[in-house]
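Chemist: after the sequence you'll find the predicted model.
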Amino acid sequence: MNRRFAFRWKRLQSFNRRYVFRVAAGTFVLLAGTWLAAASQGPDQDDATINDFESRVTKYLELRKKEAGSAPRPTNSPEKISNSQQNLAAKVKALRPDAKQGDIFTPEIADYFRRQIASTLAGHDGHKIRASLRHAEPVHALPLRVNQIYPQGIPLQSTPPTMLLNLPRLPKELEYRIVGHNLVLHDIAPNIVVDFVSDAIPSKKD
């Protein structure tokens with residue numbers, strides 16, 4: 001009887017050891033997968049995303065300058081400025097007839113911008129940035145389309161400098177603008193929307 005009991009006890013111990021090992025192995029695999037998923041959004045991935053964004057911006061600007069031209073020559077005539085701007089905008093549109101949202105702000109790039117902006121607004125200066133946005137004649141309910149000329153008479157809301165510190169720098173020909181909760185990539189000379197990130201500015205409750 002004692003031998004039979006001892007045999008069963010050894011089998012039970014062996015089973016328990018195998019079960020514990022399997023659970024531990026499964027837990028390790030799960031944790032490793034979680035760590036790898038988190039690591040994929042780490043600094044290296046962010047650097048790659050920023051490089052991709054800057055490369056797309058550079059290609060756009062090089063194409064625009066080479067095929068459509070640069071900023072109009074300085075003049076004191078508002079009519080000449082307007083005509084030059086419209087001509088340049090028409091050329092840019094012709095160069096990018098199939099341009100659409102996401103050509104520059106790909107889903108990955110757009111997510112990066114949303115994270116950066118949300119992190120900035122959740123930080124120490126977040127309330128100051130929101131106050132600056134409220135006091136800067138915010139633009140509401142303006143439908144956005146890539147390649148559209150920014151409507152005359154509607155203010156171009158600038159991006160607070162504190163927020164800009166956490167966003168990739170742009171060439172002098174381009175700028176970030178805010179329209180409602182959207183972040184716009186604006187080409188200054190032709191006054192057109194190059195691309196935009198929808199819902200880039202989270203509401204305060206978020």
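Modeler: Sure, I can see it.
Chemist: so Thr106 touches Asp52, yeah?
Modeler: Yes - here Thr106 reaches Asp52: they are 7.1 Å apart, a contact under Cβ atoms under 8 Å. Glycine gets a C-beta too; all of them are placed from N, C-alpha and C.
Chemist: what about the strands in the protein?
Modeler: Taking DSSP state E to define them, one finds strands in the chain at 157-158, 174-179, 182-187, 192-197.
Chemist: where does pLDDT dip in the protein?
Modeler: Within the chain, the stretches falling below the threshold (pLDDT under 70) are 1-42, 134-141, 153-158, 205-206.
Chemist: got the domain ranges for it?
Modeler: 1-40, 45-197 (automatic domain parsing).
Chemist: got JSON lines for those, with distance to Lys204 and mean neighbour count too?
Modeler: Conversion of these to JSON lines gives the following (distance: least, Cβ to Cβ, whole Å; neighbours: other Cβ atoms under 10 Å):
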{"stretch": "domain 1-40", "distance to Lys204": "28", "mean neighbour count": "10"}
{"stretch": "domain 45-197", "distance to Lys204": "7", "mean neighbour count": "15"}
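Chemist: in JSON lines, list those along with distance to Ser203.
Modeler: Written out in JSON lines, the entries for the domains of the chain read as follows (distance: least, Cβ to Cβ, whole Å):
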{"stretch": "domain 1-40", "distance to Ser203": "27"}
{"stretch": "domain 45-197", "distance to Ser203": "7"}
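Chemist: the helices in this protein, which residues?
Modeler: 2-39, 43-63, 78-95, 107-122, 126-134, 161-164 (DSSP state H).
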